[in-house]
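Novice: heads up, no residue letters with this:
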């Protein structure tokens with residue numbers, strides 16, 4: 001019986017890596033069934049890395065146009081396996097667990113939002129189960145995530161990768177007692193985020209591509225990601241203590257400009273960003289406030305004319 005279960009388990013994990021979405025679905029259903037019929041926790045712990053890697057691959061490789069229940073079931077199973085195999089703080093010290101966590105952390109910058117969100121949930125589940133803060137869980141693997149992000153300028157990457165990298169840094173910056181320091185690398189990324197949030201579509205992509213639906217959607221998501229990163233930076237105590245007045249001024253100026261974009265998502269994100277900044281410090285530089293309000297005032301007749 002044990003050899004049969006082991007053979008089925010291997011077969012189902014192999015299915016997760018197949019190209020066809022129905023093979024992936026079969027793999028997820030098969031693994032779930034084996035767990036439900038009572039496969040031992042000891043066996044799951046021993047096979048933890050292979051399981052997590054296979055289920056993560058389903059999330060990464062399943063096309064967005066396929067039935068949503070495939071990735072939803074894979075994520076649900078992913079979290080279930082982590083709760084079972086990492087229920088104790090002592091289990092974090094094993095090489096298998098460290099490899100699993102590294103695998104998850106490295107996908108925080110994945111080009112797919114669904115994968116990034118699933119990995120964030122995975123870390124939250126591990127942290128809750130072991131009572132270890134996420135910053136500590138990432139201690140051994142953070143450089144695998146951050147080194148590639150800081151190694152290349154954002155503009156050298158496709159839009160989806162730019163969004164993934166910015167989201168990953170925003171996530172890390174938002175963690176309590178974050179390990180991110182406001183060093184030269186991070187300031188350079190913030191400068192890039194300011195430029196991307198402020199740039200016109202045509203300067204980021206060709207005029208023809210910028211009008212294509214997929215590209216225009218990616219440009220919206222890129223700006224939203226940059227605005228969120230910049231908002232987190234402004235609220236960070238280390239950033240505030242560094243007295244980076246010039247970059248703070250530039251970020252706030254960009255926020256006033258992005259309030260004038262046509263995308264409701266960009267406007268909404270900027271509104272919440274400004275709201276958060278003003279909650280921390282209600283005083284804005286007089287010149288910035290006047291310039292920002294005059295921009296909004298000038299744009300109103302144009303907007304009404306377009307409507």
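Specialist: Nice, thanks for sending it over. In this text the structure is predicted, and so the values were computed from the model without any measurement. Numbering: from 1, shown residues only.
Novice: what about the helices in the stretch 101-250 of the chain?
Specialist: 113-130, 134-137, 142-151, 159-174, 184-198, 201-204, 207-210, 213-235, 237-241, 245-258 (DSSP state H, counting those that start in this stretch).
Novice: so for residue 264, which of the ones you listed sits nearest?
Specialist: Nearest of these to residue 264, taken as C-beta to C-beta: helix 213-235 at 9.5 Å. In this view, the C-beta of every residue, glycine as well, is placed from N, C-alpha and C.
Novice: and that closest one, how far from the chain's centre?
Specialist: Its chain's C-alpha centre and that of helix 213-235 lie 12 Å apart, by C-alpha atoms, centre = their mean, to the nearest Å.
Novice: cool, stretch 116-129 as well?
Specialist: Distance of stretch 116-129 from the chain centroid (C-alpha atoms, centre = their mean) equals 12 Å.
Novice: for the nearest residue to residue 159 once chain neighbours are set aside, give me its contacts.
Specialist: What sits nearest to residue 159 in space, not counting adjacent residues and going by C-beta to C-beta, 6 or more residues apart in numbering, is residue 218, at 4.0 Å. Applying C-beta atoms under 8 Å, 6 or more residues apart in numbering, we find residue 218 in contact with 159-160, 163.
Novice: need the helices of the stretch 101-250 of the chain in JSON lines (columns: distance to residue 8 and mean pLDDT).
Specialist: As requested, the helices of the stretch 101-250 of the chain are exported to JSON lines (distance: least, C-beta to C-beta, whole Å; pLDDT from 0 to 100):
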{"stretch": "helix 113-130", "distance to residue 8": "25", "mean pLDDT": "95"}
{"stretch": "helix 134-137", "distance to residue 8": "31", "mean pLDDT": "95"}
{"stretch": "helix 142-151", "distance to residue 8": "32", "mean pLDDT": "96"}
{"stretch": "helix 159-174", "distance to residue 8": "35", "mean pLDDT": "96"}
{"stretch": "helix 184-198", "distance to residue 8": "46", "mean pLDDT": "93"}
{"stretch": "helix 201-204", "distance to residue 8": "49", "mean pLDDT": "74"}
{"stretch": "helix 207-210", "distance to residue 8": "47", "mean pLDDT": "54"}
{"stretch": "helix 213-235", "distance to residue 8": "40", "mean pLDDT": "90"}
{"stretch": "helix 237-241", "distance to residue 8": "51", "mean pLDDT": "75"}
{"stretch": "helix 245-258", "distance to residue 8": "53", "mean pLDDT": "83"}
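Novice: quick one: closest of these to residue 36.
Specialist: Taking C-beta to C-beta, helix 113-130 is the member of these nearest to residue 36, at 19.1 Å.
Novice: contact partners of the closest one?
Specialist: With C-beta under 8 Å, 6+ apart as the test, helix 113-130 has contacts from 56, 59-60, 71, 75, 78-79, 82-83, 86-89, 91-92, 101, 104-105, 107-110, 132-134, 137-138, 163-164, 167-168, 171, 221.
Novice: got the angle between it and helix 213-235?
Specialist: Put simply, helix 113-130 runs at 40 degrees to helix 213-235, going by axes from the mean of the first three to the mean of the last three C-alpha atoms, to 10 degrees.
Novice: what are the buried residues along helix 113-130?
Specialist: Using 16 or more other C-beta atoms under 10 Å as the burial criterion, the residues of helix 113-130 that qualify are 114-120, 122-123, 125-127, 129-130.
Novice: repeat for stretch 263-274
Specialist: Judged by neighbour count using 16+ other C-beta under 10 Å, the buried positions of stretch 263-274 are 263, 266, 269-270, 273-274.
Novice: in helices only, show me these.
Specialist: Under the assignment DSSP state H, the buried residues of stretch 263-274 contribute 266, 269-270, 273-274 to helices.
Novice: now, which of the residues you listed sits nearest residue 36?
Specialist: Comparing these against residue 36 with C-beta to C-beta picks out residue 269 as the nearest, at 41.0 Å.
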